[in-house]
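Enquirer: Here is my input, please return the structure:
(2 chains)
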Amino acid sequence: MGQCRVIIVGAGPAGVRCAEVLVAAGIRPILVDEGRRDGGQIYRRQPEGFNRSYPTLYGTEAERARSLHQTFESLRGSIDYRPETLAWNIFDRQLYTVSARVSKALPFDALVVCSGATDRLMPVKGWHRAGTYSLGAAQIALKSQACAIGRRVVFAGTGPLLYLVAAQYVKAGAHVEAILDTSSLWKRVRALPKLAARPRVLVNGLSLMRTLRGAGVRIVTGIEPVEIHGSPEDGVSGITYRGRDGSTHQLACDAVALGYHVRPETQLADLARCEFRFDAETRQWLPAVDQDGRSTVPGVYLAGDGARVLGADGAEIAGKLAAWALLQDLGRPVPEAERDALRRERGVMDRFRQGLVEAFPWPAEQAARLPDEAIVCRCEAITAGELRRVVNQMGACEANRAKAFSRVGMGRCQGRYCGHAGAEVIAHAAGVPVEQVGRLRGQAPVKPLSIAVREEVE
Amino acid sequence: MTGRFVRLAETSRALVRFELDGKPVEALAGDTLLVAILSNGTSVRSCEFGGGRRAGFCLMGACQDCWVWTAAGDRLRSCTTMVEEGMRILTSQPEASWVNVA
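Expert: So this is what the prediction gives:
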């Protein structure tokens, strides 16, 4: 069985648990990861020389983080681990990687993509100013570098991460100016039956709220961000938002952490030619997977937040399920009772996920109200007005056509941060449902490569 | 304002000296280049398409907003590059620059 060439992309919770199952079955997978160290974003390890404890870094999830890191350490001798390596293309059953400016084509029989997620963003006028960061960035600054993104930080957007990161900032001694949530308390109350599917997580969430209230952090719900103020040279100096009653308020701050939950990184699934389906609940296109992570392409499996956003513990389960699916497809035995138990557990997590989607919805309607002068594409400073112009005057009602004409989605982030909002802007301008706008096709390389990259045969 | 980022802990690490736009500055061992720069200043580059200075956005290597250059002309993504003693970093691209199409 040693001949079966298996590659896992991503050394986060899904990738590590997947590797664990495969190694136990006698397979030596290649584990390609872009990070310097294992853990992914959620259990990201601080650099050598930092001394904060697991509870300080990972809070209630400290033991899960420690367990994942320990599992990874125990696997090191049994896997072909390639850190600081970008998987940038898939073609003809080969994964193309680049590390230290050397590109390699790695043939595979089976590929498990555990590519994780990035922040889902809705633009606001002024979000291109220095000092506006994604919510995930605010957390990474703290977790990985022991820094706050500013002296007076406003957290704006919606989702559980908004409160989690703000509470982490408070605990670490940073000054949180306010939390501005586009969702309403009422939506959270209505989602409670689904959120109750995971009582421990719900209790942790309520405890975060207590931390924040105890620290006197202003929390405003049901808002709409209007503008991030500042100057081209010095960056952010404040934020204006509209309250529930329609009145506008301005806060002074030097940093804004902005985010609306997260979105899967699906470029590799796309390049592997996996089929995508529109998910009406979250208003986005997601790769089609069966309950164990099989994509529509034989031998290609998708696990973790890169396929469905279930969070870190859901990703650990998804990694194992994908590994068992892979083994089963190779005609190998799988522990069915254990698998069925994990499938059920993941079902519960999925109910909780639906609760989160309802409690903290993607504010699609904001795209329609985005002023023409607001930048949609941060990479190339392209405005909502320009995107609407190519829809209205050039008839570009499909995402890739609008991208070709406006360049929204063509910049260096390759649509990661403007794609979803751009689709909503196009849909509203064209008067069509957002699913009809389609999705931006993934393009290789999935991230910019240096012109100095050379190819090497392994 | 000296720096955009605020250090909250882990401040007893060894000092690392590097050069930022020709000026000698200090950072700490284990800093990413982005943190090293934003502990000394408020931005890392100008957007060549207009709209002013940028200071990174995602910190996880996805947005490409935090590009800087070495004096030798190499491009670095500062959020995924560790600061090193003696680095010579520029916050504007040496020689060649993009046409402003805005």
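Enquirer: near chain B, which residues of the stretch 151-300 of chain A show up?
Expert: A:151, A:172, A:173, A:174, A:231, A:232, A:233, A:234, A:235, A:254, A:255, A:265 (Cβ under 8 Å from any Cβ of the partner chain). Just so you know, the C-beta spots here come from the backbone N, C-alpha and C atoms, and that holds for glycine as well.
Enquirer: what's around residue 25, how many residues?
Expert: Looking at chain A here, since you left the chain open. 17 (other Cβ atoms under 10 Å in any protein chain shown).
Enquirer: Correction: the question concerned chain B.
Expert: For residue B:25, using other Cβ under 10 Å, the count is 18.
Enquirer: Tell me which helix or strand it sits in.
Expert: strand B:23-28 (DSSP states H and E).
Enquirer: Tell me where the stretch 251-400 of chain A has helices.
Expert: For the stretch 251-400 of chain A, applying DSSP state H, counting those that start in this stretch gives helices covering A:267-271, A:311-329, A:336-359, A:365-369, A:384-392, A:399-406.
Enquirer: will you turn the ones you listed into CSV that also has distance to residue A:433 and mean neighbour count?
Expert: What follows is these, written out as CSV (distance: least, Cβ to Cβ, whole Å; neighbours: other Cβ atoms under 10 Å in any protein chain shown):
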stretch, distance to residue A:433, mean neighbour count
helix A:267-271, 21, 25
helix A:311-329, 29, 25
helix A:336-359, 18, 16
helix A:365-369, 13, 16
helix A:384-392, 14, 20
helix A:399-406, 13, 21
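Enquirer: follow-up on the earlier one: now whatever helix or strand comes next after the strand holding residue B:25: how far from the chain's centre is it?
Expert: Once the chain leaves strand B:23-28, the next helix or strand it forms, by DSSP H and E, is helix B:33-38. Centre-to-centre, helix B:33-38 and its host chain are 5 Å apart (Cα atoms, centre = their mean, to the nearest Å).
Enquirer: before we move on, the earlier item: and the helices of the stretch 251-400 of chain A as CSV, adding mean pLDDT?
Expert: Shown next, in CSV, are the helices of the stretch 251-400 of chain A (pLDDT from 0 to 100):
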stretch, mean pLDDT
helix A:267-271, 98
helix A:311-329, 97
helix A:336-359, 97
helix A:365-369, 96
helix A:384-392, 98
helix A:399-406, 97
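Enquirer: Please identify the one among the residues of the stretch 151-300 of chain A next to chain B that lies nearest to chain B.
Expert: Closest approach to chain B among these (Cβ to the nearest Cβ): residue A:232, at 2.5 Å.
Enquirer: surely that closest one meets residue B:43?
Expert: No: the pair residue A:232 and residue B:43 does not pass the contact test of Cβ atoms under 8 Å, sitting 9.8 Å apart.
Enquirer: shared neighbours of those two, which are they?
Expert: residue B:53 (Cβ atoms under 8 Å, 6 or more residues apart in numbering or on different chains).
Enquirer: and these two? which has more neighbours close in?
Expert: residue B:43 (23 against 15).
Enquirer: which residues touch that one?
Expert: With contact set as Cβ under 8 Å, 6+ apart, residue B:43 has these partners: A:130, A:235, B:4, B:53, B:54, B:55, B:91.
Enquirer: and what of residue A:187?
Expert: Here residue A:187 is in contact with A:358, A:359, A:360, A:361 (criterion: Cβ under 8 Å, 6+ apart).
Enquirer: Could you export the residues you listed as CSV, including distance to residue A:242?
Expert: Rendered in CSV, the data for the contacts of residue A:187 read as follows (distance: Cβ to Cβ, whole Å):
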residue, distance to residue A:242
A:358, 22
A:359, 21
A:360, 18
A:361, 17
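Enquirer: Relative to chain B, which of the residues you listed is nearest.
Expert: Checking these one by one against chain B (Cβ to the nearest Cβ), the nearest turns out to be residue A:360, at 19.9 Å.
Enquirer: Next, residue A:45: phi, psi?
Expert: Dihedral angles of residue A:45 (phi, psi; degrees, to the nearest 10) stand at phi -90, psi 140.
Enquirer: do the same with residue A:332
Expert: Backbone phi and psi, for residue A:332 under degrees, to the nearest 10, turn out to be phi -90, psi 150.
Enquirer: Could you tell me how far it is located from residue A:324?
Expert: 9 Å (Cβ to Cβ, to the nearest Å).
Enquirer: and what of residue A:52?
Expert: Taken as Cβ to Cβ, the span from residue A:52 to residue A:324 is 35 Å.
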